[in-house]
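> Predicted model and sequence follow; I will ask about them next.
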Amino acid sequence: MVKTRIAPSPTGDPHIGTAYTALFNYAVAKKNKGKFVLRIEDTDRARLVPGATEKILDSLTWLGLAWDEGPIHQSDRLSLYQKKAKELVGKGLAYYCSCSSERLEKVRAEQQAKKEVPRYDRKCRQKPPSKEEIEKGNCVIRLKVPESGETSFEDLVRGEITFQNKDIDDSVLLKSDGWPTYHLAVVVDDSDMEISHVIRAEEWLSSTPKHILLYNAFKLKPPIFAHLPLLRNPDKSKISKRKNPVSLIWYKEQGYLPQALLNYLSLMGWSMPDEREKFTLKEFIDNFDFARVDPSGPVFDLQKLDWLNGQWIRSLPEKELADRLKDYTKRDLKQIEIVLPLVRERLKKLSEFEAQTKLFFEEPSVDTKLLLDLGHNEKETKEALGEAAKLYKGLGWGTPRLEGETRKLSEKLGWIASDLFMCLRIAITGSKVSPPLFETLTVLGKEETVKRLKKISSLFSK
RNA sequence: GCCGCCAUCGUCUAGUGGUCUAGGACGCAGCGUUCUCAACGCUGAGAUCGGGGGUUCGAAUCCCCCUGGCGGUACCA
């Protein structure tokens, strides 16, 4: 059975890269009617952030990437890793090391000074620490990497990849605090959980041979590997907080739709056979194929995400959109539904809704200078606003009639129609930019419209 | 430094030896529509396919070298 997993570390806010990797893992699992597992890799006790796990769960749920198993916490499996590490020592495939981090640093510094490759000098591999030292508990367990030969594997994205064993360090498997490193835990867990495809970011590519060596040491069959390209900043470096928003919480707060984010992420290093750019998660799953994954690292482009989000906002059923909007505004569902048709095609992100619709619920402040910039003096402007108020007061409400009558008024006043429209727009919305004027008035209502016009009119002297 | 991965418009990409004087999308510019802004439609600018060698009748596509970018090189993941 196909089984994939997403294995984030709770060391900070849920990361866009986690969503990216999760998406591909999810797709592979679903396409093959397999399972998608969530595992929390919380073995680094120093970097643990309280509450981070919950946020990761929330984010994946928000995205709609539901896991079939988990969340499994590595911290619940501590004794298993310890047992496995000792098992390797017993078989002579790993060894205890008592070197202090100070010594390790010193060795590294010397190697670098001599322009050698910085890596563990294998002191304890030659001369193991004494039983007493081991019992004191300050030792780590290291993998005994073969001194010659090579380790290779087939990557679904990149083909066959080979490393020389002499280039591989004797990595720490079990830290002196008794917790496993990533390398040990990932192999123990992926095999234990019967993960069939390890789909992860490219940054793991160079540690994969260590993992293969571990599978060999345990006499286990390695899973299939696929290393996804790394999302990049505009300067091509690995995507990071400093240069790009990376927190999924930010994307949610901004009002990106999960469908749009997932859709955009699918476009990173992958394309539909027919080059369609807007598609659903289901369509992604149905069409997914590793052969279409491009190994080069794509730059994450917020502008294109914005565009795609706008596309999704416009194509979602109105009811569903209104429902989504509830988290981004103080208005209630009924209010949202009334004004939504007027702003929907102007929205790129849900967070913009509040600012764009404020004028319907609260009287805006109006800068009279904007009105005068239209080329009519105070007297003419006051007259126009007053006449409009008078006209509307006795008028049956509705967009076509409002427009028709306002056009007539512009002739009567001697204004260019578009200038008068702009004048009314500013007086009523406080802005030179708004939804279509008469539709806005229709929704605003006669009473409020007349009230606002009168008020602004009264601001000008005769 | 060493090891590995990668290399088509600014960005995301199509392209798997001939249909490519390289197609689409975002962004940008212009035009149209129009009461503003959007949305929408059309047009345009924008890539001698990183460079150099091969292979071949023929290369963006295959091979080699160079260059460049990125990642790894932790008792972090």
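Perfect, thanks for sending it. All values derive from a computational prediction rather than experimental measurement.

> how about the strands in chain A?
With DSSP state E, the ranges of strands along chain A come out as A:3-6, A:35-40, A:69-73, A:94-97, A:140-143, A:150-155, A:159-164, A:172-174, A:197-201, A:224-228.

> Burial-wise, tell me which of these comes out on top.
Ranked by average neighbour count under the criterion mean count of other CB atoms under 10 Å, the strands of chain A are headed by strand A:3-6 at a mean of 26. Glycine gets a C-beta too; all of them are placed from N, C-alpha and C.

> Can you list the strands that that one pairs with?
Here strand A:3-6 has these sheet partners by DSSP bridges: strand A:35-40 (parallel).

> Report the angle between the strand it pairs with and strand A:69-73.
Per axes from the mean of the first three to the mean of the last three CA atoms, to 10 degrees, the angle that strand A:35-40 makes with strand A:69-73 is 20 degrees.

> tell me how far strand A:35-40 is from the chain's mean position?
Here strand A:35-40 shows a centroid-to-chain-centroid distance of 18 Å under the convention CA atoms, centre = their mean, to the nearest Å.

> same check, this time on stretch A:89-105
Once both centres are worked out by CA atoms, centre = their mean, stretch A:89-105 turns out to sit 39 Å from its chain's centre.

> Show me what from the stretch 251-400 of chain A comes close to RNA strand B.
Residues of the stretch 251-400 of chain A found near RNA strand B, taking CB under 7 Å from any atom of the strand as the criterion, are A:267-271, A:273, A:275, A:277, A:291-292, A:294-299, A:301, A:303-304, A:306-307, A:310-311, A:314, A:345-346.

> right, and the strands of chain A - which one's nearest A:Gln356?
With CB to CB as the criterion, A:Gln356 lies closest to strand A:3-6 of these, at 35.8 Å.

> Briefly note if the closest one comes near RNA strand B.
No. Using CB under 7 Å from any atom of the strand, we find that strand A:3-6 stays clear of RNA strand B, coming within 11.3 Å at best.

> Spatially nearest residue to A:Asn440 (excluding sequence neighbours)?
No, residue A:440 isn't Asn; it's Thr. Take A:Thr440 and drop its neighbours on the chain: the residue closest to it by CB to CB, 6 or more residues apart in numbering is A:Ser434, 5.9 Å away.

> Surely that neighbour is in contact with A:Arg425?
Yes. Under the criterion of CB atoms under 8 Å, A:Ser434 is in contact with A:Arg425, at a separation of 5.5 Å.

> and for these two, which residues touch both?
When CB atoms under 8 Å, 6 or more residues apart in numbering defines a contact, the residues bordering A:Ser434 and A:Arg425 alike are A:Thr440.

> Helices - which of the residues of the stretch 251-400 of chain A next to RNA strand B land there?
A:Gln303, A:Lys304, A:Asp306, A:Trp307, A:Gly310, A:Gln311, A:Arg314 (DSSP state H).

> These: which two are farthest apart?
Distance extremes for these: the farthest pair is A:Gln303 and A:Arg314 at 17.1 Å, using CB to CB.

> What's the separation between A:Ser171 and A:Gly396?
80 Å (CB to CB, to the nearest Å).

> more crowded one of the two?
Between A:Ser171 and A:Gly396, counting by other CB atoms under 10 Å, A:Ser171 is the more crowded of the two (20 against 8).

> distance of the more buried one from A:Leu213?
From A:Ser171 over to A:Leu213 the distance is 9 Å, taken as CB to CB.

> Could you pull out the residues contacting both of those two?
Counting by CB under 8 Å, 6+ apart, the common neighbours of A:Ser171 and A:Leu213 are A:Leu143, A:Val145.

> circling back: filter the residues of the stretch 251-400 of chain A next to RNA strand B down to the buried ones and hand me the ChimeraX line.
Selecting only the buried entries of those in ChimeraX, with 16 or more other CB atoms under 10 Å as the criterion:
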select /A:267,268,269,270,297,298,306,307,310,311
